[in-house]
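Colleague: Sequence and predicted structure, then a few things I'm wondering about:
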Amino acid sequence: MKKTYPGFKVPYFTSLNVHSKMINVMQINYLGHSCFKIKGKNSTLLTDPFDKFVGFPMPKTKAEIVTISHQHKDHNCLDNIEGEPFIIQAPGEYEVGDVSVFSLKTFHDDVKGAQRGTNVIYNIQMEDISLCHLGDLGHKLNDRQLEKVNGVDVLFVPVGGVFTLGPKQVIEVINQIEPAIIIPMHYRTSRHDQDKFGKLFSLKDFLAEIGAPEAQAQEKLVISKTSLPEESEVIPLVCTAFAKTPTESVGR
């Protein structure tokens, strides 16, 4: 069993010296809030695009596939997405080109949606890598849900609390799933609208709680199935929507 808490390794890689003809490679960039751009050889997938309501605009980008975890405007804004992407916003199984997506209904709170409604988790199979985006998950996973997200390589986790799981609770979910790579999202930064998101925990809070306070945000993550770490690693990513300064880009 992978050891995930406490004492995560600090990652040492941001890219791979490999040839695309020999191995499938994926690049992940963080656009802010809960939005990631995941680019494979033939397809680009975007998660939870957001409105400038959060305090800063999402960079314009092109994608073939967009996943939406729930219908709040900090997770479902399509204004800055170019092209005509295939939109996935409900539970089900989808095949789009060489990308497979399985989506699962969960809840935005710990009272079965009574406070904030439903949330959709996405299990994405792309370039031989299994990724899971938890959206605004508000509870631990039950056995049935956990079975559906078995074998995750890369896990995108909300860590800010208030509207989602907080640092302590999300570590329990991380330990349930046991991914190779943990990428935090949905935390407070200085660029967020403080009236709306000022009570969220910061990235620094999460890194301290999970035992990886020295983890440094990477500009991007370039990985392949064969480059995945043997033990779980926390890899924060620089938000491309921010100025690249130590405090702004890392989101502390």
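Modeller: Looks like it arrived, so ask away.

Colleague: just the helices in this structure please.
Modeller: Listed in chain order, the helices of the chain (DSSP state H) span 143-148, 167-177, 194-197, 203-210, 246-250.

Colleague: which of those is buried the deepest?
Modeller: helix 203-210 (a mean of 20; mean count of other Cβ atoms under 10 Å). C-beta coordinates here come from the backbone N, C-alpha and C atoms, glycine included.

Colleague: got any ranges where the stretch 101-250 of the chain has weak pLDDT?
Modeller: Counting by pLDDT under 70, the low-confidence segments of the stretch 101-250 of the chain come to 109-111, 113-114, 117, 243-250.

Colleague: so residue 202 bridges to which residues?
Modeller: Following DSSP bridges, residue 202 is listed with bridge partners residue 188.

Colleague: sorry, back to before: go through the helices of the chain and name the closest to residue 76.
Modeller: Nearest of the helices of the chain to residue 76, taken as Cβ to Cβ: helix 194-197 at 15.8 Å.

Colleague: Mind exporting the C-alpha coordinates of that closest one to PDB?
Modeller: What follows is helix 194-197, C-alpha atoms only, in PDB (Å, rounded to 0.1, in the frame of the first residue of the first chain):
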ATOM      1  CA  GLN A 194     -11.800  37.800  -0.900                       C
ATOM      2  CA  ASP A 195     -15.500  38.500  -0.200                       C
ATOM      3  CA  LYS A 196     -16.400  35.200  -1.900                       C
ATOM      4  CA  PHE A 197     -13.300  33.000  -1.300                       C
END
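
Colleague: residue ranges of the strands in the stretch 51-200 of the chain, please?
Modeller: Shown for the stretch 51-200 of the chain, the strands assigned by DSSP state E, counting those that start in this stretch span residues 61-62, 65-67, 81-82, 86-88, 92-96, 99-107, 118-126, 129-133, 154-158, 181-185.

Colleague: need those in TSV with distance to residue 46, can you?
Modeller: Converted to TSV, the strands of the stretch 51-200 of the chain look like this (distance: least, Cβ to Cβ, whole Å):
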stretch	distance to residue 46
strand 61-62	7
strand 65-67	5
strand 81-82	7
strand 86-88	10
strand 92-96	12
strand 99-107	12
strand 118-126	11
strand 129-133	11
strand 154-158	12
strand 181-185	13
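
Colleague: which one of those is the most hemmed in?
Modeller: Highest mean neighbour count among those (mean count of other Cβ under 10 Å): strand 154-158, with a mean of 26.

Colleague: Any idea how far it is from the middle of the chain?
Modeller: Here the centre of mass of C-alpha atoms in strand 154-158, compared against the chain's by Cα atoms, centre = their mean, to the nearest Å, lies 4 Å away.

Colleague: So what touches that strand?
Modeller: Under the criterion Cβ atoms under 8 Å, 6 or more residues apart in numbering, residues 28, 34, 36, 47, 129-137, 164-165, 170, 173-174, 177, 179-187, 223 lie in contact with strand 154-158.
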